[in-house]
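Asks: structure for the following, please:
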Amino acid sequence: MSRQAVRGQHHILRALSQWPTDTIRPDVSFRAILQKRFDQPRLDISEEEQLRQANALYSLLDNRYNRTYPITGSLLQPKSNPTYFADLLKELEEAPNRTFFERFWLRMKGMVRLQ
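Replies: Below is the predicted model of the structure:
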């Protein structure tokens, strides 16, 4: 394997080592899946393609697209349900700390809706 291909693979593995863990589903790791893919050197992928993939991973890590295309205003507060995204963020922050019984209770409440 050429030195450039190793360099491309090294950049990808370094980007994956900085990838955050998913607090909602820690047993399903995006990082582990991609590391398994890139641990073995691949000769069918060129160095340029590997560097392009590493650049894509770094851009996601740095929130480059979030800074370039910020979402503001009416997209975050739709008229049909203005608190939807705030409620969603609150729910995602609370989910990892819930006990089994709290998760079970929320599931039952979702199945039976009395109005």
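Asks: C-terminal to the least confident helix or strand in the chain by mean pLDDT, what's the next element?
Replies: Using mean pLDDT, DSSP states H and E, helix 3-17 stands out as the lowest-scoring helix or strand of the chain, at a mean of 80. Under the assignment DSSP states H and E, the closest C-terminal helix or strand after helix 3-17 is helix 30-39.
Asks: how far does the least confident helix or strand of the chain sit from the chain's center?
Replies: 20 Å (CA atoms, centre = their mean, to the nearest Å).
Asks: what's in contact with that helix?
Replies: 31, 34-35, 38-39, 41-43, 45-51, 53-54, 57-58, 61 (CB atoms under 8 Å, 6 or more residues apart in numbering). Heads up, the C-betas are built off the backbone N, CA and C, glycines and all.
Asks: tell me the buried residues in that helix?
Replies: 5, 8, 9, 11, 12, 15, 16 (16 or more other CB atoms under 10 Å).
Asks: could you list the domains of this structure?
Replies: Following automatic domain parsing, one finds the domains of the chain at 3-68, 73-111.
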